[in-house]
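> Next one to model:
(4 chains)
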2 protein chains.
Amino acid sequence: MVKQDQIKRSSCPVSCALDILGDKWTLLVIRDIMFMRKQYFGDFLMSPEKIASNILSDRLRKLEESNIVSRQRDPGNARRVIYTLTEKGHDLSPAILELLRWGSKHDPASDAQEFLSQYPNTSSHN
Amino acid sequence: MVKQDQIKRSSCPVSCALDILGDKWTLLVIRDIMFMRKQYFGDFLMSPEKIASNILSDRLRKLEESNIVSRQRDPGNARRVIYTLTEKGHDLSPAILELLRWGSKHDPASDAQEFLSQYPNTSSHN
DNA sequence: TATTTTAGTTGCACTATGCAATTAATCAAT
DNA sequence: ATTGATTAATTGCATAGTGCAACTAAAATA
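Residues are numbered from 1 along each chain as shown, chains lettered A, B, ... in the order given. Just a heads-up that it's a prediction; the model follows:
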């Protein structure tokens, strides 16, 4: 298990947000649930960034602890765990959309068109 | 020197943004320049989160390489280096403000009032 | 010339990440 | 009931990143 750092560096809300979200993977997991409609462990593993399963397991656990993601067994298949966003998690959509806008605008190697075309549906998330 | 990871994990604009911004310190440095009007190495060291000088040095170098921050010698004092935001850097203000809003709303230990009261002036940054 | 300021760098211990292999529980087919 | 596949992880280990304290080098100041 990856050690938890649950210390708050300061009272700044930006710093508090980054204490939870500030790494290369956490917001991608949230993106997958939010825009790609992914909800199973195996779905996240298949994303193009290729997260390692131990890192994914750690991030899902931390996100659950932070009340951003909620976890429940699939009623129809007890092997599966369904990960969904809480209201706190859904409320990250403006921030993620701003990162998407910024990345599209300033990173010539990013391909928003290609990526957005994979989005199943975003209408109920804004 | 901290090794560079200049590999792009995918063409997703969110992933591209996080390749540059996805850690606990980078966006705080940008916050300091953007809202706290900090521009000297020593100023960043004094922020309440207490960044280590080697990490700060590394992040400023990467931000310069990414064309988010620009670096120039102070004409009136050759010991000082002035760090400022490029247009690409300034364009992160909506994303940072969204993180601020989210942190304020959902993290009871964050204190936006206290923090915002330290902001010298934000009017020319939006 | 000596001291202080400023922006770093260095060395080292600690922590996080990436990868491959493995595990445990459940399901589906025989 | 037994076997094999699926799913969600965990484990071990090598590599990479971070945090801390001490140190350095250039420029300004007394």
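
> which secondary element of chain A has the worst mean pLDDT?
helix A:112-116 (a mean of 75; mean pLDDT, DSSP states H and E).

> which helices and strands does that one pack with?
helix A:93-106 (3 or more C-beta pairs under 8 Å, 6 or more residues apart in numbering or on different chains; DSSP states H and E). C-beta coordinates here come from the backbone N, C-alpha and C atoms, glycine included.

> Now the helix it packs on: buried residues?
Neighbour-count burial for helix A:93-106, counted by 16 or more other C-beta atoms under 10 Å in any protein chain shown, picks out A:93-104, A:106.

> go on, stretch A:41-55?
By neighbour count on 16+ other C-beta under 10 Å, the buried set for stretch A:41-55 is A:F41, A:F44, A:S47, A:E49, A:I51.

> and the residues you listed, which of them are in helices?
In helices, judged by DSSP state H, the following of these are found: A:F41, A:F44.

> so which of the buried residues of stretch A:41-55 are also by DNA strand C?
A:I51 (C-beta under 7 Å from any atom of the strand).

> Next, format the buried residues of stretch A:41-55 as a markdown table and append distance to B:S11.
Output for those, formatted as a markdown table (distance: C-beta to C-beta, whole Å):
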| residue | distance to B:S11 |
| --- | --- |
| A:F41 | 24 |
| A:F44 | 18 |
| A:S47 | 12 |
| A:E49 | 10 |
| A:I51 | 16 |
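
> Give me the pLDDT value at the residue lying farthest from the centre of chain A.
In chain A, the residue that sits farthest from the middle, by C-alpha atoms, centre = their mean, is A:G76; the gap is 24.6 Å. Looking at A:G76, its pLDDT reads 88.

> Could you report the distance from it to B:P94?
Per C-beta to C-beta, to the nearest Å, A:G76 is found 41 Å from B:P94.

> DNA strand D contacts on chain A?
So chain A meets DNA strand D at A:1, A:40-43, A:53-54, A:57-58, A:60-61, A:71, A:77, A:79-81 (C-beta under 7 Å from any atom of the strand).

> Mark which of those residues are part of strands, please.
Among these, the members falling in strands are A:R71, A:N77, A:R79, A:R80, A:V81 (criterion: DSSP state E).

> Quick check: the two most widely separated of these?
Across these, the longest distance by C-beta to C-beta is 14.8 Å; it joins A:R71 and A:N77.

> Report the central residue of chain A.
Closest residue to the average C-alpha location of chain A: A:I30 at 1.5 Å, with C-alpha atoms, centre = their mean.

> My guess is that residue contacts A:G89. True?
Yes. If you go by C-beta atoms under 8 Å, A:I30 and A:G89 touch, sitting 6.2 Å apart.

> list residues touching both of these two?
A:L63, A:I68, A:V69 (C-beta atoms under 8 Å, 6 or more residues apart in numbering or on different chains).

> Contacts only, for the second one.
With contact taken as C-beta under 8 Å, 6+ apart, A:I68 is in contact with A:I20, A:I30, A:L85, A:T86, A:K88, A:G89, A:L92.
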